[in-house]
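Visitor: 3D, please:
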Amino acid sequence: MNPATTIAPFLVYAALAGLCGALAMTVAMKLVSRSGWARDDMIVAVGSLFTKSRETGFQVGLILHALSAVVFGQIYTVLLIGLELSGWPSAFFAGVGFGVFHGLIVSLSLCWVVADQHPLEEFRRAGVSVALTHFIGHIAYGAVVGLVVGVAPV
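Guide: Numbering: from 1, shown residues only. Purely as a prediction, here's the structure:
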């Protein structure tokens, strides 16, 4: 069997899983923001971290969010396959677990490091509600990546 014929579908499924996870993450975080519990625009916050401008932050943030989603989709998929957890429902539950772990790291680093260094004042106030919003978003990401990997013929 040609290695390219086995790698190409893997890359496509892993990228698709990551992009679907990013969509779920964004929706979950938007729902929390709409509830009024936490005000946060993750895409603008990430983009403006690099551009130092709210006006150009969305475009750059969207690109970085999509690229990160694909890269982490690859990482999650490799871990699920490597740990022999790529079948349904184990992939889903492992994806949720990966999301919890990933969300803890991101949430803690967001509150302790990124918020203090952010160039825009509005994103320097990352408190517990913002951290929990990111935590919820990452769990949604992991759940959907696990779901896609669990049902995909990888």
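Visitor: hey, let's count contacts and neighbours off CA atoms from now on
Guide: Fine.
Visitor: Where in the protein is the helix or strand with the lowest mean pLDDT?
Guide: helix 115-117 (a mean of 79; mean pLDDT, DSSP states H and E).
Visitor: His138 versus the closest residue to Thr133 other than its chain neighbours, what's the distance?
Guide: Once flanking residues are discounted, Thr133 sits nearest to Met29: 5.8 Å by Cα to Cα, 6 or more residues apart in numbering. The gap separating Met29 from His138 is 9 Å, by Cα to Cα, to the nearest Å.
Visitor: Same drill for these two, tell me which one is more crowded.
Guide: Higher neighbour count among Met29 and His138: His138, with 31 against 26, using other Cα atoms under 10 Å.
Visitor: check contacts around that one.
Guide: Contacts for His138 were tallied using Cα atoms under 8 Å, 6 or more residues apart in numbering; they are 25, 99-100, 102-103.
Visitor: Helix or strand: which one has it?
Guide: Mapping His138 onto the secondary structure by DSSP states H and E places it in helix 128-151.
Visitor: could I get that helix in PDB with only the CA atoms?
Guide: Once non-C-alpha atoms are left out, helix 128-151 reads as follows in PDB (Å, rounded to 0.1, in the frame of the first residue of the first chain):
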ATOM      1  CA  VAL A 128     -12.400  33.700  36.300                       C
ATOM      2  CA  SER A 129     -15.400  34.100  34.000                       C
ATOM      3  CA  VAL A 130     -13.200  34.500  30.900                       C
ATOM      4  CA  ALA A 131     -11.100  31.500  32.000                       C
ATOM      5  CA  LEU A 132     -14.100  29.300  32.400                       C
ATOM      6  CA  THR A 133     -15.500  30.400  29.000                       C
ATOM      7  CA  HIS A 134     -12.200  29.200  27.400                       C
ATOM      8  CA  PHE A 135     -12.300  26.000  29.500                       C
ATOM      9  CA  ILE A 136     -15.900  25.300  28.200                       C
ATOM     10  CA  GLY A 137     -14.800  26.100  24.700                       C
ATOM     11  CA  HIS A 138     -11.900  23.700  24.800                       C
ATOM     12  CA  ILE A 139     -14.100  20.900  26.100                       C
ATOM     13  CA  ALA A 140     -16.500  21.500  23.200                       C
ATOM     14  CA  TYR A 141     -13.500  21.400  20.900                       C
ATOM     15  CA  GLY A 142     -12.200  18.100  22.200                       C
ATOM     16  CA  ALA A 143     -15.700  16.500  22.300                       C
ATOM     17  CA  VAL A 144     -16.300  17.400  18.600                       C
ATOM     18  CA  VAL A 145     -12.800  16.300  17.500                       C
ATOM     19  CA  GLY A 146     -13.400  13.000  19.400                       C
ATOM     20  CA  LEU A 147     -16.800  12.600  17.700                       C
ATOM     21  CA  VAL A 148     -15.400  13.200  14.200                       C
ATOM     22  CA  VAL A 149     -12.500  10.800  14.800                       C
ATOM     23  CA  GLY A 150     -14.800   8.200  16.400                       C
ATOM     24  CA  VAL A 151     -17.100   8.100  13.400                       C
END
